[in-house]
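J.: here is a sequence together with a model predicted from it:
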Amino acid sequence: MLKQSHSHHFQDTGQTDKAVADAGDQAVEASDAMDEAAKKDEAEREREYRTLMDKFRLAAIVSVPNVVLMYPKIMPGLVDLIPPGSETERLVWGLMGVLTLPVLIWSGSQFFFGMWAAVKHRSANMHTLIALGVSAAFAYSVVAVLFPELFPEGAATEPFWDVTTVVIALVVLGLALESKARGKTSEAIRKLIGIQAKTARVLRDDEILEIPVEDVLVGDVVMMRPGEKVPVDGIVEDGHSSVDESMITGESMPVEKAPGDEVIGATMNKSGSFRFKATKVGKDTALSNIIRMVQEAQGSKAPIQRIVDQVSGYFVPTVMILAIVAFVIWYDFGPEPRLIYSTIVLVTTLVIACPCALGLATPTSLTVGIGKGAENGILIRSGDALQTAERISVVVLDKTGTVTKGEPALTNITVMPDFNDNRILSLAASLERYSEHPLGEAVVSEASDKGLKLHEASDVMTTAGHGISGSVDGVRVLIGTSKFLTENGIDARGLEDVAGIFAPQGKTPVMVGVEGLPAGVLAIADTVKPDSKDAIKRFHAMGLKVVMLTGDQQQTAEAIAREVGIDQVLAQVLPEHKAEKVKSLQAEGHVVAMVGDGINDAPALAAADVGIAIGSGTDVAIEAADVTLIKGSLHDVATAIEISRATMRNVRQNLVGAFGYNVLGIPVAMGVLYPVFGILMSPIIAGAAMAFSSVTVVSNANRLRFFKPKGGVS
Amino acid sequence: MTWDQWLVTAVGLGLIPLIVWFFWIKRAAGSYATTTGTHQEVLIIVKGGYTPDTIIVTKGAPVRLNFQREETSTCSDTVMFPDFSKSAQLPEGKTVAVEFVPDNVGEFEFTCQMGMLRGRLIVEDA
């Protein structure tokens, strides 16, 4: 599922916005436009909702007397006041018709405008059906009241004012509720847009200025106080603090920031003061990228939607034909009064059909599901990716940086008699400070974690690939391979025995000699992330097979695999062969998710059914990935699959509900139950069913908002 | 059957082919994109549908479809090109350009998110 698949047909010229030439202006415009569009969208929605509710109120008010007068028995004394068949009754009916007209014209206006706009394009939609249905009921009523003599002798000539107003009231109420509920489906994206900072305090010409966030330029020095929102992305220059990044990464613990660390725009500074240099502003910030990605994904189509697309072009005209067929059959073969019955089935059939429920079923769930991912720091690129993720059967994990932290750490210190752990570590770290070797960094970092005092070293000599030597505080220290120590006159045989224990565990032993004597062995290994084991348990609980793919030796790889519970190890796989391994798993019939860092693993990610880039931090625009995880935890892979499963389950519920509703509702409305059971559906019930079917679909999609990942809070 | 039943039956049966013809058979003639500068360009009004809804372009040359949404109904606020995994948000009253180079000859559909509004893009050989 390679991202560039669309270029199969189209080459993106990369410019979908009418861009302003100047990059700075463009950035400002983009972030402004986003905020403005979101506000406008919300205002639009609110205005639509209020208008619809006003229309509903008018229709509901007129419906009350309409219903009462159609069923006079429900109010005691009314039958005496308006005797059936009297002139008074006809007069009251006429009056009700006058009251019904504004309901039809104003409350029902969107149906007529909608129908007309569609007819001009030779298409038909839900508006067409409702407009035809209520017009038929209204037209019949007008004729019944004004020209009763046109009806055959003995035929009841009651008007359907109640049908006209109640159906309009219900469907308009349904539209209002649906519009409100649809607004909620895009809550996640609105939240993301809403968290942008408004202003920034920048240092310009030795003066601190408070300026709008749009005016911050790359290179500006931004001043941060406790409790302030980080306005743009940048790198800390001075000061320390902890920053709450949960709104971007989903990570609940605040992150410590020191000079050299990256800060992300829209995150919240907690305790300290610091200043940072802006590196990304406007549309280039992490937040802007995330918003853009989520919007694109929410606007994409899931393959499952194709079923609906095939049906929707034929749906409404088919319903119109069925309504006509029902009318003719009832008129030709139905019981008396035939005209009334056939009008009822015509109106009921037109009103009950609900193309909206079908159309809304997939996109609303998709919008909520993808938004839910974003809230958890999981960016799902498209509906296609979301749908495929549901079927994943094998999770292939890259080792370094995915299962493990990707940075070596000191795991063991074994010292010879007469030496002490901390002393050896301190001496080794004091010397390794001068080395740039990653193993050396592990030693220094462990010493600093333990709070050991480091000393100045002199005569430092590095022999590439072998070791480092020098004097620490006047003590001669050698660190390196056994060969390196032996060559320097140290008997390393005792150390080799110790080293022999570590190698099978996948650790790299480093030997230390002090003052010409063998002193100890430091074992260094890439350690697993603290939550990898739990996450892999979660994969197993979800019924997934877990495979690790690595360039490491079999022994090392298996040691790690055992530690975290991985099912299968594919070791000594060169980077360029990773994609082939993915393909061979696919050939076995598996749907493969490949999890890697997204840079070294790009071909394997692209080859997989679902490529998942993990720990991308704020660099979210990884081309080869179908899913991008901002954090580095494997738990998010499980959560992503859970979101996919929950969303697709929701989509199916919606589709089954919407199809089922129409497939059952339309024949009942046409009166198929009448010959056997004597049941004929009232158009009012049809109106209620129609209005609430689409509301139900959207509300069901909204249930996804309450999705919680099952395991491991990460 | 009485005369009125014959009449109702005849009118009903007459309406059915009319509906079939109107909605399914008769299709609007396509609008050719005009070439301005380097792009084949078309302005598409979004109001209850896409006007024009059939756009004919030539293979290989860059295309710019300018969508202008002139209604508040949120149904049409997204236009999608499902064959190409492309979509665009259409804020009311703003012109949004969707640009690409058509590589393959054929007929491609574009729709609103719910698939109720439909348009066709016909790519012809140069």
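T.: Done, it's in.
J.: my guess is residue A:297 meets residue A:378, correct?
T.: No - the criterion here is Cβ atoms under 8 Å, and residue A:297 misses it with residue A:378 at 11.0 Å. For glycine as for every other residue, the C-beta is placed from the backbone atoms N, C-alpha and C.
J.: tally of neighbours for the closest residue to residue A:433 other than its chain neighbours?
T.: Once flanking residues are discounted, residue A:433 sits nearest to residue A:444: 5.6 Å by Cβ to Cβ, 6 or more residues apart in numbering or on different chains. Counted with other Cβ atoms under 10 Å in any protein chain shown, the neighbours of residue A:444 add up to 21.
J.: ok, residue A:444 - contacts?
T.: A:429, A:432-433, A:454 (Cβ atoms under 8 Å, 6 or more residues apart in numbering or on different chains).
J.: and the two most separated of those?
T.: The span of the contacts of residue A:444, defined through Cβ to Cβ, is set by A:432 and A:454 at 9.5 Å.
J.: neighbour count winner among those two?
T.: Remark: of residue A:432 and residue A:454, residue A:432 carries more neighbours, 28 against 19, as counted by other Cβ under 10 Å.
J.: can you name the residues that contact the more buried one?
T.: A:440-441, A:443-444, A:468, A:479.
J.: got a list of what residue 45 touches?
T.: Picked chain A for this. By Cβ under 8 Å, 6+ apart, residue A:45 lies in contact with A:179-180, A:182-183, B:74.
J.: hmm, I had chain B in mind actually
T.: B:51, B:68, B:70.
J.: tell me what residue A:277 is bridged to.
T.: residue A:221, residue A:235 (DSSP bridges).
J.: what's the distance between it and residue A:560?
T.: Separation of residue A:277 from residue A:560 (Cβ to Cβ, to the nearest Å) stands at 38 Å.
J.: what's the answer for residue A:150, then?
T.: Here the criterion is Cβ to Cβ. By it, residue A:150 lies 88 Å from residue A:560.
J.: quick one: which of those two has more around it?
T.: Set residue A:150 next to residue A:560 and count neighbours by other Cβ under 10 Å: residue A:560 wins out with 25 against 11.
J.: so the more buried one makes contact with residue A:527?
T.: No - between residue A:560 and residue A:527 there is no contact, the gap being 9.2 Å when judged by Cβ under 8 Å.
J.: before we move on, back to that, of all pairs in the contacts of residue A:45, which one is the farthest apart?
T.: Applying Cβ to Cβ across the contacts of residue A:45, the maximum distance is between A:180 and B:74, 11.4 Å.
J.: would you mind listing what in the stretch 401-550 of chain A touches chain B?
T.: With Cβ under 8 Å from any Cβ of the partner chain as the criterion, the stretch 401-550 of chain A does not meet chain B at any residue.
J.: got the contact list for residue A:77?
T.: Taking Cβ under 8 Å, 6+ apart as the definition, residue A:77 has no contacts.
J.: quick one on the thing from earlier: quick one: buried residues of the helix or strand hosting the residue nearest to residue A:433?
T.: Assigned by DSSP states H and E, residue A:444 falls within helix A:438-449. Applying a neighbour-count criterion of 16 or more other Cβ atoms under 10 Å in any protein chain shown, one finds A:439-447 buried in helix A:438-449.
J.: closest one to residue A:269 out of those residues, please.
T.: Looking across those and measuring by Cβ to Cβ, the closest to residue A:269 is residue A:445, at 26.2 Å.
J.: who is the nearest residue to the closest one once chain neighbours are set aside paired with across the strands?
T.: Excluding the flanking residues, the one nearest residue A:445 by Cβ to Cβ, 6+ apart is residue A:409, at 7.2 Å. Taking DSSP bridges as the rule, residue A:409 bridges to residue A:525.
J.: repeat for the one 5 residues further on
T.: Residue A:414 forms beta bridges with residue A:521, as assigned by DSSP bridges.
J.: which ones are touching it?
T.: A:498, A:520-521, A:523.
J.: look up how far residue A:431 lies from it.
T.: 18 Å.
J.: how's chain B carved up into domains?
T.: If you go by automatic domain parsing, the domain ranges for chain B are B:1-29, B:33-124.
J.: ok, and for the shortest one, which residues are buried?
T.: Residues of domain B:1-29 classed as buried under the neighbour-count rule (16+ other Cβ under 10 Å) are B:8, B:12, B:15-16, B:19, B:23.
J.: just put those residues in TSV and tack on distance to residue A:425 and secondary structure.
T.: Formatted as TSV, these follow (distance: Cβ to Cβ, whole Å; DSSP: H, G, I helix; E, B strand; the rest coil):
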residue	distance to residue A:425	secondary structure
B:8	99	helix
B:12	94	helix
B:15	92	helix
B:16	90	helix
B:19	86	helix
B:23	81	helix
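J.: so which of those residues also contact chain A?
T.: Among the buried residues of domain B:1-29, chain A is touched by B:8, B:12, B:15-16, B:19, B:23 when using Cβ under 8 Å from any Cβ.
J.: and the closest residue to chain A within chain B, which of the three is it?
T.: Chain B approaches chain A most closely through residue B:48 (2.0 Å), counting by Cβ to the nearest Cβ. Per DSSP: H, G, I helix; E, B strand; the rest coil, the secondary structure class of residue B:48 is coil.
J.: got the contact list for it?
T.: A:113-114, A:116-118, A:120-121, B:71, B:73, B:76, B:117.
J.: would you mind measuring from it to residue A:354?
T.: For residue B:48 relative to residue A:354 (Cβ to Cβ), the value is 19 Å.
J.: got any ranges where chain B has weak pLDDT?
T.: By pLDDT under 70, the low-scoring segments of chain B are B:27-29.
J.: can you give me the strands in it?
T.: B:31-32, B:34-36, B:39-46, B:50-51, B:54-58, B:63-69, B:78-81, B:86-89, B:95-102, B:106-112, B:118-124 (DSSP state E).
J.: now those strands in CSV, with distance to residue A:383?
T.: Compiled in CSV, these are given as follows (distance: least, Cβ to Cβ, whole Å):
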stretch, distance to residue A:383
strand B:31-32, 30
strand B:34-36, 34
strand B:39-46, 22
strand B:50-51, 22
strand B:54-58, 25
strand B:63-69, 21
strand B:78-81, 10
strand B:86-89, 10
strand B:95-102, 18
strand B:106-112, 14
strand B:118-124, 19
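J.: of all these, which lies closest to residue A:507?
T.: Of all these, strand B:86-89 comes closest under Cβ to Cβ, at 50.2 Å.
J.: export the closest one as PDB, just CAs?
T.: Coordinates of each C-alpha in strand B:86-89 appear next as PDB, following Å, rounded to 0.1, in the frame of the first residue of the first chain:
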ATOM      1  CA  LYS B  86      -7.200  13.000  -3.400                       C
ATOM      2  CA  SER B  87      -9.600  15.200  -1.600                       C
ATOM      3  CA  ALA B  88     -10.000  18.900  -0.800                       C
ATOM      4  CA  GLN B  89     -12.000  20.900   1.700                       C
END
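J.: ok, back up a step: quick check: neighbours shared by residue A:560 and residue A:527?
T.: With Cβ under 8 Å, 6+ apart, residue A:560 and residue A:527 have common neighbours residue A:404.
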